[in-house]
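>>> One predicted model, sequence on top.
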Amino acid sequence: MSRVFVTGSSDGIGAGIADRLAAQGHEVVRHARDERRAADRRAAGVADRFVTGDLASLAQTRALAEQVAALGEFDVVVHNAGWVSRAEQRPLTEDGLEQTFQVNALSAYVLTALLPVPKRLVYVSSDSIVRATIDVADLQHEKAWTAGEAYADSKLAMTAIAFAVARRYPRTLCNAVHPGWINTKMSGDIAPLDVAAGSDTAVWLATSTDPAVLVSGAFFHERRRVTLNDQADDPAVQDALVAECARLSGVTLP
């Protein structure tokens, strides 16, 4: 059995991923934004260990990495945490960064850089990347901002980060996944799929010995390898993005 850390796993798809992993007998460490959310899950009967930290804060993200690293090595890390704005104006964090990018992409970069390298890395992305772009000169959407574009672009950035990491960590299986349009707080009730369906491919990538899984730098949906945006596969784009993430966060990817 494996030791697995799952970000954003107090509810939604992340909770579904963690639930399935725990049911399979894996040791799961869950992440919640704050202690109240962790306490709510414990009260609901979740017995797994929780660590806490707001990924909209670089200081809290670094502190979260310290909490997780103190627990020892993990076989798998699933970067699932995601956020979409419901506001009409561009949201900024305490670090002065656009919040969607910071939570969805930059925090995954920081945690990847600061945590011990696991055997497998899974980045939960989105099919919205098909219409997204990476503009390294304007990752913060200072020129123009909409919630939908910021979300799609942040998930494309996360995917490119995953593929950059795959190049740097050749002994780690590092892949991205689109879970589907899932009925969660973020997607709303009109989404057609339940959390069990949305968690399936991520859990498969985290645990399976199927030869189809034993690859790195790939994007999956419904257990099939797909390509949704060529920018994510471009090493020059990846390298420029990693350099900008290092500048913004002050954290260097090994």
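Structure's in. What do you need? Residues are numbered from 1 along each chain as shown.

>>> so is Val4 in a helix, a strand, or just coil?
Per DSSP: H, G, I helix; E, B strand; the rest coil, the local secondary structure of Val4 is strand.

>>> Could you list everything it pairs with in the sheet?
For Val4, the beta-bridge partners are Val28, Val76 (DSSP bridges).

>>> Tell me how far it lies from Lys119.
According to CB to CB, to the nearest Å, Val4 stands 10 Å off from Lys119. The way it works is simple: take the backbone N, C-alpha and C, and place the C-beta from them, glycine included.

>>> Below-threshold pLDDT in the stretch 51-200 of the chain: ranges please.
Scanning the stretch 51-200 of the chain for pLDDT under 70 picks out the ranges 180-196.

>>> Next, show the common contact partners of Val4 and Lys119.
Residues touching both Val4 and Lys119 (CB atoms under 8 Å, 6 or more residues apart in numbering): Asp75, Val76.

>>> Looking at the two now, which is surrounded by more residues?
Val4 (28 against 16; other CB atoms under 10 Å).

>>> Thr133 contacts Gln231, correct?
Yes. Taking contacts as CB atoms under 8 Å, Thr133 lies within contact range of Gln231: 6.7 Å.

>>> Between those two, which is the more surrounded one?
Taking neighbours as other CB under 10 Å, Thr133 and Gln231 compare with Gln231 leading, 19 against 14.

>>> Tell me the secondary structure at the more buried one.
Following three-state DSSP, we place Gln231 in the helix state.

>>> wait, what's in contact with it?
Contacts of Gln231 by CB under 8 Å, 6+ apart are Ala132, Thr133, Ile134, Leu156, Ala160, Val237.

>>> please redo it, this time with the cut-off set to 7 Å
By CB atoms under 7 Å, 6 or more residues apart in numbering, the contact list for Gln231 reads Thr133, Ile134, Leu156, Ala160, Val237.

>>> Would you quantify the distance from the residue nearest the centre of the chain to Arg36?
Compute the mean C-alpha point of the chain, and by CA atoms, centre = their mean the closest residue is His79, 3.0 Å away. For His79, the distance to Arg36 equals 23 Å [CB to CB].

>>> re the thing from before, in contact with the residue nearest to the centre of the chain, which residues are there?
Here His79 is in contact with Thr7, Ala108, Leu111, Val122, Tyr123, Val124 (CB under 7 Å, 6+ apart).
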